[in-house]
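My questions concern the predicted model and sequence given below.
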Amino acid sequence: MKELNEKIKKLRTQLNLSQEYVANYLGVNRTTFTQMENGNRNIMADELAKLSILFGVSADYLLNDSNISQPVVMFARSFENLDEMDQAEIMNLIHFKEQIKAQRQNNTNAL
């Protein structure tokens, strides 16, 4: 099982967030956050809740192993915040990309 601090560091770097930014978001100084990320300080429940919101993942994912792809979770949370017109536009783009992928596969199979 991946440790909580390792997951936090991985998510922070995937989102290109600085330690300073996350520390400010949590309301702690950067040194404190660095200790959390290095596993040298326990993470309080309220900090865990804030981290899950910031990273767009569940607290359960942070605490336990999870098979849900984090980009999928992040996409779903972002998608639900869009209005209907923007959601329809995203769905049209997904459909278009699926068609392009199918065409590429057909072209590869024809060779």
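It's in. Treat the numbers as computed from the prediction; the structure is a model and nothing was measured.

residues touching Glu80, list them.
Remark: with contacts taken as CB atoms under 8 Å, 6 or more residues apart in numbering, Glu80 is in contact with nothing. Where C-beta positions appear, they are placed from N, C-alpha and C, glycine not excepted.

Count residues in the vicinity of Glu84, would you?
For Glu84, the neighbour count with other CB atoms under 10 Å is 7.

For the helix or strand hosting Lys101, what does the pLDDT average out to?
For Lys101, the enclosing helix or strand under DSSP states H and E is helix 84-110. Along helix 84-110, the predicted local confidence has a mean pLDDT of 91.

buried sites along the helix or strand in which Leu48 is found?
Using DSSP H and E, Leu48 falls within helix 45-55. Under the neighbour-count criterion of 16 or more other CB atoms under 10 Å, helix 45-55 has Glu47, Leu48, Lys50, Leu51, Ser52, Leu54, Phe55 buried.

ok, then the element right after it?
Reading on from helix 45-55 to the C-terminus, the next helix or strand found by DSSP H and E is helix 59-63.

just the buried residues of helix 45-55 now: which is nearest Arg104?
Taking CB to CB as the measure, Phe55 is the one of the buried residues of helix 45-55 closest to Arg104, at 32.6 Å.

what residues are up against that closest one?
Taking CB under 8 Å, 6+ apart as the contact definition, Phe55 lies against Ile8, Leu11, Arg12, Leu15, Leu62, Gln70, Met74.

got TSV for those residues, with pLDDT, secondary structure and neighbour count too?
Converted to TSV, those look like this (pLDDT from 0 to 100; DSSP: H, G, I helix; E, B strand; the rest coil; neighbours: other CB atoms under 10 Å):
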residue	pLDDT	secondary structure	neighbour count
Ile8	94	helix	22
Leu11	92	helix	21
Arg12	91	helix	19
Leu15	89	coil	13
Leu62	89	helix	20
Gln70	64	helix	17
Met74	72	helix	16
